[in-house]
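Asks: with the sequence up front, the predicted model follows.
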Amino acid sequence: MNNYFKLEQERSRYLFEQVLVLSTVKGHLKGTIKHNESSEVVDFANMLLGIINEKLSAVEQKFHEQK
């Protein structure tokens, strides 16, 4: 039983770290979009932001299902 709790603790930590990383990247992309004048960079940042939002939603859903 002790191994089960260790595994769940590691899984929670991993999901939490993913949320932190994705949220940080999301913040940087929003800053790039807001302050960059190049339409190509803004288009690319918007594309990445869409991908990150999808991943973040999936990770947060798994994190909340675990609780």
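Replies: Okay, I see it.

Asks: tell me who's in contact with Phe63.
Replies: By CB atoms under 8 Å, 6 or more residues apart in numbering, Phe63 lies in contact with Ser12, Leu15, Phe16, Val19. From N, CA and C alone the C-beta is placed, and that goes for glycine too.

Asks: can you pull the buried residues of stretch 45-61?
Replies: Judged by neighbour count using 16 or more other CB atoms under 10 Å, the buried positions of stretch 45-61 are Ala45, Leu48, Leu49, Ile52, Lys55, Leu56, Val59.

Asks: on that earlier part again, which of the contacts of Phe63 has the most neighbours?
Replies: Leu15 (18 neighbours; other CB atoms under 10 Å).

Asks: looking at that residue now. What's its pLDDT?
Replies: pLDDT for Leu15: 83.

Asks: quick one: the strands in the chain?
Replies: Counting by DSSP state E, the chain has no strands at all.

Asks: in it, which residue is most central in space?
Replies: The residue lying closest to the centre of the chain (CA atoms, centre = their mean) is Leu22, at 2.5 Å.

Asks: which residues touch stretch 39-53?
Replies: Leu22, Val25, Lys26, Leu29, Lys30, Thr32, Ile33, Asn36.

Asks: just give me the closest of the residues you listed to His64.
Replies: Leu22 (15.0 Å; CB to CB).

Asks: just checking, that closest one touches Glu60?
Replies: No. Shown here, Leu22 and Glu60 do not form a contact pair, counting by CB atoms under 8 Å, at 9.1 Å.

Asks: do you know how far His28 is from Ile52?
Replies: For His28, the distance to Ile52 (CB to CB, to the nearest Å) stands at 10 Å.

Asks: same question for Asn46.
Replies: 11 Å.

Asks: got it, and Leu15?
Replies: Separation of Leu15 from Ile52 (CB to CB): 15 Å.

Asks: tabulate the contacts of Phe63 (TSV), appending distance to Lys6.
Replies: Listed next are the contacts of Phe63 as TSV, based on distance: CB to CB, whole Å:
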residue	distance to Lys6
Ser12	11
Leu15	15
Phe16	16
Val19	21
